[in-house]
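*Asks:* Sequence and computational prediction follow.
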Amino acid sequence: MSAEAALRAARALHEPVMLAEVLSVLEPGRGGTYLDGTFGAGGYSVGLLEAGAGRVIALDRDPEAVSRGRDWAPAFAGRLEIVEGRFGDLAELVEGPLDGAVFDIGVSSMQIDEARRGFSFMKDGPLDMRMSAEGPSAAEIVNRAEEAALADIFFLYGEERASRRIARAIVAARADAPIETTRALAALVERCLPRPKPGWPHPATRVFQALRIAVNDELGELARGLSAAEALLAEGGILAVVSFHSLEDRIVKRFLRLRGGAAPGGSRHAPAAAGEAPAFEIVTRKALEPGAAELARNPRARSAKLRAARRTGAPAGAVSAAALGLPALPGASRGMR
């Protein structure tokens, strides 16, 4: 298959969320070098290049996404470079300065749609959830973590109020046989919770979200990626972040407020540094959301929020995980039996 044919196939595979809004805030018509920190099917990369970006560096931790992208990258005649790696390691993988950077946080549609990846409770497959091929899988956490650790994961990363009840049920069930598939875990969670009313999300939604975040350290990656992007962006460069649930959006919002000079004076976690110049100027005072036409085409976009800020000439700084409000699992709960 030619690079052009592979590119057409990639376009048909996935529609990037809020592409028009992302391009509007990033202003790729200025030319320059842009980062697509969460490459996926390459929708943002293609959009940036076609809108005038001189060069795009695309990053993804999923080797399958990287392989697919490299099939069609030659269609852009050297203007697209695809790098395999986590955006939390951005500082070691990419050289600045950058004129803009975009992150689309969370799991991709391709990963959800492939049952063998184990992300979806709607498709039966192995309970995996790893975005890369490394580290403990969701099945290992479900079958080896202590009950208290599971409850912490479900509550802190999924905001699941029935976390203790579900953790207790998992420990009881795995004593008879390991929980190894997405459907087995989803059915167990369903038995723990009341039947949902029409229009409510599936009962296992929060548990699956929590496990995915824990398996991939998504919130830690987000915090590290935001700080690395700050250091790599040139003065005038723009950071755009699309998030899909409240935990992510709160971290992004707090990062931009803190680094934009709006740190609350009395915070014990992040007191405003006297005389420190803001590193960002906020572009989106309120998060942007998808329009009605996009929601009609792509219901998966319904929870998306876009926040953006422009880099000033101030030196890059640092923000602690506590200042960003990252949920912290108790140390003992990180171990598995």
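*Replies:* Noted; the coordinates are in hand. Numbering: from 1, shown residues only.
*Asks:* Specify the local secondary structure of the residue lying closest to residue 250 once chain neighbours are set aside.
*Replies:* Nearest residue to residue 250 in three dimensions, chain neighbours excluded: residue 325, at 5.9 Å (C-beta to C-beta, 6 or more residues apart in numbering). The C-beta positions use only the backbone N, C-alpha and C, and glycine is treated the same way. Counting by DSSP: H, G, I helix; E, B strand; the rest coil, the backbone at residue 325 sits in coil.
*Asks:* you'd agree residue 325 is up against residue 255?
*Replies:* No. Residue 325 sits out of contact with residue 255 when judged by C-beta atoms under 8 Å, with a separation of 9.7 Å.
*Asks:* on that earlier part again, quick one, what contacts the residue nearest to residue 250?
*Replies:* Counting by C-beta atoms under 8 Å, 6 or more residues apart in numbering, residue 325 makes contact with 250, 251, 254.
*Asks:* what about the first one, which helix or strand?
*Replies:* The reference is to residue 250. Per DSSP states H and E, residue 250 falls inside helix 246-259.
*Asks:* Toward the C-terminus, what is the element adjacent to that helix?
*Replies:* With elements assigned by DSSP H and E, the helix or strand that comes after helix 246-259 is strand 280-282.
*Asks:* Any stretches of the chain with poor pLDDT?
*Replies:* Applying pLDDT under 70 to the chain picks out residues 6, 9-10, 12-13, 108-113, 263-275, 330-337.
*Asks:* how about a cut-off of 50?
*Replies:* For the chain, the stretches with pLDDT under 50 are 265-273, 331-334.
*Asks:* quick check: longest strand of it.
*Replies:* strand 233-243 (DSSP state E).
*Asks:* Not counting that one itself, show me its contacts.
*Replies:* Contact with strand 233-243 is made by 17-18, 22, 25-27, 32, 96-106, 226, 229-230, 249, 252, 256, 280, 283, 304-313, as judged by C-beta under 8 Å, 6+ apart.
*Asks:* Please list the members of the residues you listed that lie in strands.
*Replies:* Residues of those located in strands (DSSP E): 98-104, 280, 305-311.
*Asks:* Make a ChimeraX selection of whichever of these turn out to be buried.
*Replies:* A single ChimeraX command selects the buried members of the ones in strands among the contacts of strand 233-243 (16 or more other C-beta atoms under 10 Å):
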select :98,99,100,101,102,103,104,280,305,306,307,308,309,310,311
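*Asks:* quick check, nearest of the ones in strands among the contacts of strand 233-243 to residue 8?
*Replies:* residue 104 (21.4 Å; C-beta to C-beta).
*Asks:* Quick check: that closest one touching residue 15?
*Replies:* No. Counting by C-beta under 8 Å, residue 104 stays clear of residue 15, with 11.9 Å between them.
*Asks:* which residues does the most centrally placed residue in the chain contact?
*Replies:* Here the mean C-alpha position of the chain is nearest to the C-alpha of residue 105 (C-alpha atoms, centre = their mean), at a distance of 2.1 Å. By C-beta under 8 Å, 6+ apart, the contact list for residue 105 reads 38, 218, 222, 241, 242, 243, 244, 248, 252.
*Asks:* cutoff 10 Å now
*Replies:* 37-38, 87, 218-219, 221-222, 225, 241-245, 247-249, 251-252, 304-305 (C-beta atoms under 10 Å, 6 or more residues apart in numbering).
*Asks:* Then residue 251?
*Replies:* Counting by C-beta under 10 Å, 6+ apart, residue 251 has contacts 105, 219, 222-223, 226, 241, 243, 319, 321, 324-327.
*Asks:* Would you mind checking the residues you listed for buried ones?
*Replies:* Neighbour counting with 16+ other C-beta under 10 Å marks 105, 219, 222, 223, 226, 241, 243, 319, 324, 325, 326, 327 as buried within the contacts of residue 251.
*Asks:* could you dump the residues you listed to a markdown table with distance to residue 165?
*Replies:* Below are the buried ones among the contacts of residue 251 laid out as a markdown table (distance: C-beta to C-beta, whole Å):
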| residue | distance to residue 165 |
| --- | --- |
| 105 | 29 |
| 219 | 24 |
| 222 | 29 |
| 223 | 30 |
| 226 | 34 |
| 241 | 34 |
| 243 | 28 |
| 319 | 35 |
| 324 | 30 |
| 325 | 26 |
| 326 | 25 |
| 327 | 19 |
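*Asks:* Pick the one among the residues you listed closest to residue 201.
*Replies:* Using C-beta to C-beta, residue 243 comes nearest to residue 201 of the buried ones among the contacts of residue 251, at 17.2 Å.
*Asks:* so how far is residue 102 from that closest one?
*Replies:* Using C-beta to C-beta, to the nearest Å, we find residue 243 at a distance of 12 Å from residue 102.
*Asks:* Residue 222 too?
*Replies:* To residue 102, residue 222 is 13 Å away according to C-beta to C-beta.
*Asks:* joint contacts of the two?
*Replies:* Contact with both residue 222 and residue 102 is made by residues 37, 241, according to C-beta under 10 Å, 6+ apart.
*Asks:* one step back: tell me the one of the contacts of residue 251 nearest residue 163?
*Replies:* Among the contacts of residue 251, and counting by C-beta to C-beta, the member closest to residue 163 is residue 327, at 12.1 Å.
*Asks:* Could you count how many residues lie near the closest residue to the closest one other than its chain neighbours?
*Replies:* Using C-beta to C-beta, 6+ apart and skipping residues adjacent in sequence, the residue nearest residue 327 is residue 156, 3.7 Å away. Residue 156 has 21 neighbours, counted by other C-beta atoms under 10 Å.
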